[in-house]
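Enquirer: Quick one, structure for this:
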Amino acid sequence: MRHNALQPAIGAKTAAHRFGRGIGSGLGKTCGRGHKGQKARAGGYHKVGFEGGQMPKHRRLPKFGFSSMTKLEKTEVRLGDLNRFDPNDVVDLGSLKKAKIISPRIKKVKIIATGSLRQALIIRGILVTNGAKKTIEAVGGKIE
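Expert: As a prediction, this is how the structure comes out:
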């Protein structure tokens, strides 16, 4: 094989369209743009999503979804998770973070009545549901 004999495959390279070069080219006069209208003009085009003045789809359809910023600051803790603590321990926000039950960025916690509690604990500075309150007090724990 010789370098001077190399050439691209047939059909791999096509000639560029030469617009506006006479009637015989097939792309003369209007250059394939049709007659009049915005798309026929030089520089006459529109932005993405433009629908000719009609209210565009991205504006006429309703928005949906919402992400609350406070969702990242509060969480729930199940009664079953509190079994990691020793009997008569004080459970507060700091001790929950230390035990890695909640993440460090959490600022508010609520204990919910899911699971069972096997030992008496002292709950301090944490919100508790009514069902969880009954369970904690039934085991001998206190809520402060």
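
Enquirer: Next, the buried residues of the helix or strand harbouring Lys97.
Expert: Assigned by DSSP states H and E, Lys97 belongs to helix 93-98. Across helix 93-98, burial judged by 16 or more other CB atoms under 10 Å covers 95-96. For every residue, glycine as well, the C-beta is placed using N, CA and C.

Enquirer: Name every strand pairing with the helix or strand just after that helix and say which way it goes.
Expert: Scanning forward in sequence from helix 93-98 by DSSP H and E, the next helix or strand is strand 108-112. Using DSSP bridges, strand 108-112 pairs in its sheet with strand 74-78 (parallel), strand 127-128 (parallel).

Enquirer: Show me what the last one is in contact with.
Expert: For strand 127-128, contacts defined as CB atoms under 8 Å, 6 or more residues apart in numbering pick out 108-111, 136, 143.

Enquirer: in the protein, which spans are helices?
Expert: 57-60, 93-98, 130-139 (DSSP state H).

Enquirer: and the shortest one, how far from the chain's centre?
Expert: This means helix 57-60. The chain centroid and the centroid of helix 57-60 are separated by 20 Å, computed with CA atoms, centre = their mean, to the nearest Å.

Enquirer: hmm, who's touching it?
Expert: Contacts for helix 57-60 (CB under 8 Å, 6+ apart): 49, 51.

Enquirer: ok, now the second one?
Expert: If you take CB under 8 Å, 6+ apart as the criterion, helix 93-98 is touched by 77, 85, 89, 102-104, 106-107, 109, 125-126.

Enquirer: Nearest residue to Arg84 in space, ignoring adjacent ones along the chain?
Expert: Excluding its sequence neighbours, the residue lying closest to Arg84 (CB to CB, 6 or more residues apart in numbering) is Ala99, at 5.6 Å.
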